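Asker: With the input below, show me the fold.
(one chain, ligands or ions: 1)
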Amino acid sequence: MSDDTIKLSAIVIKATKSGENDKMLTLISQEEGKVTVLAKGLMSLKHKSKSACAPLCYSSFVLKKVKDGFYTLISAELIESFRTLSEDVVLLSYGAYFSSLAGMCVQSGVGADEEVRLLLNTLYVLCKRPDEAALIKTVFEFKIMELCGIVPEFEYECPCGKEGSFFSVSEGEVRCSEHKTPEAIPIHKAQIQLAKYLTESTLKDALFCSCDKRVSFSLSSVTEPFLQYHLGNLPNSLDYLHSIIEKF
Ligand SMILES: [Zn+2]
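Answerer: Now for the predicted structure:
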């Protein structure tokens, strides 16, 4: 391999049409974080790397460097396609949201080993436990927060010692009615209990826990405003996911 050629294991988080026959790929890789790749001729049916470059595919890429963070595709070999997800519009929407959220938390030129592993493990479990998609989403959101260094704490009491019934989005903690912040949202005991368990557990325990589906689903009222506040934005794929969940 020449100096400007690199090999990466990466997940395709976005693939957009570029010109007549090309695609622009956004990947997140263990080695180089987020990278943009121009895949010339990828729209052609005969392109040998086509199946390895679809969204959500985890593949081994050989790339030629153009400049920092920007490459052209030489070849790609599929490692894992997560086909179960691409066959179901709801699961695919969850997968698209997870990958775009991970993409927001990964930088260019900085290795993203943990983020890539978190995304891969989450997608694997989503294929295995499709009925638990809402729980898996909540777990993914909590664990990506941790990797971004924004860690909410879930205790039953406000720091003043009184029973907590609000979650302060800005402070990332449970507060009583007297000490709630203006943007705080109501939170009930079952939600605190599950959020506390999920944030304190290992990824595996959290992804495989059995809990009340209504409670895991309801935690999006906590995780989404928290991510929105601290990341400053949320991926458009979340709106799409909400519209799909409502339909099905
Ligand atoms: Zn208080």
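Asker: mind listing the strands for this protein?
Answerer: Applying DSSP state E to the chain gives strands spanning 5-18, 22-29, 33-39, 58-67, 70-80, 166-168, 173-175, 185-186.
Asker: any weak-confidence spans in the protein?
Answerer: Applying pLDDT under 70 to the chain flags the ranges 1-2.
Asker: and it, what are its domains?
Answerer: Per automatic domain parsing, the structural domains of the chain span 5-81, 87-247.
Asker: Make a markdown table out of those and add mean neighbour count.
Answerer: In short, each C-beta sits where N, CA and C put it, glycine included. Below are these laid out as a markdown table (neighbours: other C-beta atoms under 10 Å):
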| stretch | mean neighbour count |
| --- | --- |
| domain 5-81 | 18 |
| domain 87-247 | 17 |
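Asker: Dump those domains into CSV; add distance to the ion as well.
Answerer: Output for these, formatted as CSV (distance: least, C-beta to the ion, whole Å):
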stretch, distance to the ion
domain 5-81, 40
domain 87-247, 3
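Asker: circling back: mind checking which of the strands of the chain is nearest residue 95?
Answerer: Closest approach to residue 95 among these is made by strand 5-18 (9.9 Å; C-beta to C-beta).
Asker: Okay, now the sheet partners of that closest one, with direction.
Answerer: strand 22-29 (antiparallel), strand 58-67 (antiparallel) (DSSP bridges).
Asker: what angle separates the first one from strand 70-80?
Answerer: Read that as strand 22-29. Calculated by axes from the mean of the first three to the mean of the last three C-alpha atoms, to 10 degrees, strand 22-29 forms an angle of 70 degrees with strand 70-80.
Asker: Can you name the residues in contact with strand 22-29?
Answerer: The contact list for strand 22-29 (C-beta atoms under 8 Å, 6 or more residues apart in numbering) reads 8-18, 34-43, 53, 61, 73, 99, 102-103, 106, 112, 115-116, 119.
Asker: Could you do stretch 90-97 as well?
Answerer: 55-56, 82, 84-86, 123, 126-127, 130, 133, 136-137, 235, 237-238, 240-241, 244-245, 248.
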